[in-house]
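Asks: below is the sequence, then the predicted model.
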Amino acid sequence: HVRSRRQRQMCIRDSVRFQKDASDPGAAGPDTEGITVDGDGAVYVASERDNSAKGVNQNTLLKVDPEASAGDLVAEQEWDLTALLPAVGANLGMEAVQWVPDSALEGALFDVNSGSAYDPADYAGHGDGLFFVAVEDNGHVYAFALGADGQATLVSEIAPGLAGVMALDYDSVLLSLIHI
């Protein structure tokens, strides 16, 4: 049985566990909203809350290895972005995530930290791209450098003028980030 890319992504998205829930198969788990793959083939899932505390906002990116084992996938690494994003309701946080390579962003993205064009060299240890997340509540898109140490740095904020952003897709041919 051959699954489509979308079917494989849905299976991964729906079987992810927080690190804290690794030994608890009955844990409610993350409220996963989006999935992306980086340039090395690693899979990242966006979660806007922990389903065991549905009234609490918890915007987290989880890195998983879809080849790790059968059954649920426990996050290899997690980045809690909650404090770096605006305060929103528990079910109005991150709705999408998309990785974009530095080669498409260098010099083209405004960096809120330097006040100038994005330079990947300013973010040592972040890999070779940024992670864009869409927040449902305000419709903004935020770019993050994810450090290997579990720290995240907000690099840019984009206000596309939409009431809410529910999906992101990077078009590698047109070199543009599409938000819906």
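Replies: Great, that's in hand. Residues are numbered from 1 along each chain as shown.

Asks: quick one, helices of the chain?
Replies: 5-13, 102-105 (DSSP state H).

Asks: going by mean pLDDT, which of those comes out lowest?
Replies: Lowest mean pLDDT within the helices of the chain: helix 5-13, at a mean of 45.

Asks: where does this structure dip in pLDDT?
Replies: Applying pLDDT under 70 to the chain flags residues 1-14, 17-19, 22, 69-71, 173-175, 178-180.

Asks: how far away from the center of its chain is stretch 151-169?
Replies: Mean-position distance between stretch 151-169 and its chain equals 10 Å (Cα atoms, centre = their mean, to the nearest Å).

Asks: quick one, strands of the protein?
Replies: Counting by DSSP state E, the chain has strands at residues 16-17, 30-37, 43-50, 60-64, 73-74, 77-80, 94-101, 110-111, 116-117, 129-135, 141-146, 152-158, 168-171, 176-179.

Asks: and residue 24, which of those strands is closest to it?
Replies: Closest of the strands of the chain to residue 24 is strand 16-17, at 8.1 Å (criterion: Cβ to Cβ). All C-beta atoms are positioned from the backbone trio N, CA, C, and that covers glycine.

Asks: quick one: residues contacting residue 52.
Replies: Residue 52 makes contacts with 27, 28, 29, as judged by Cβ atoms under 8 Å, 6 or more residues apart in numbering.

Asks: tell me how far it lies from residue 134.
Replies: Note on residue 52: its distance to residue 134, by Cβ to Cβ, to the nearest Å, is 24 Å.
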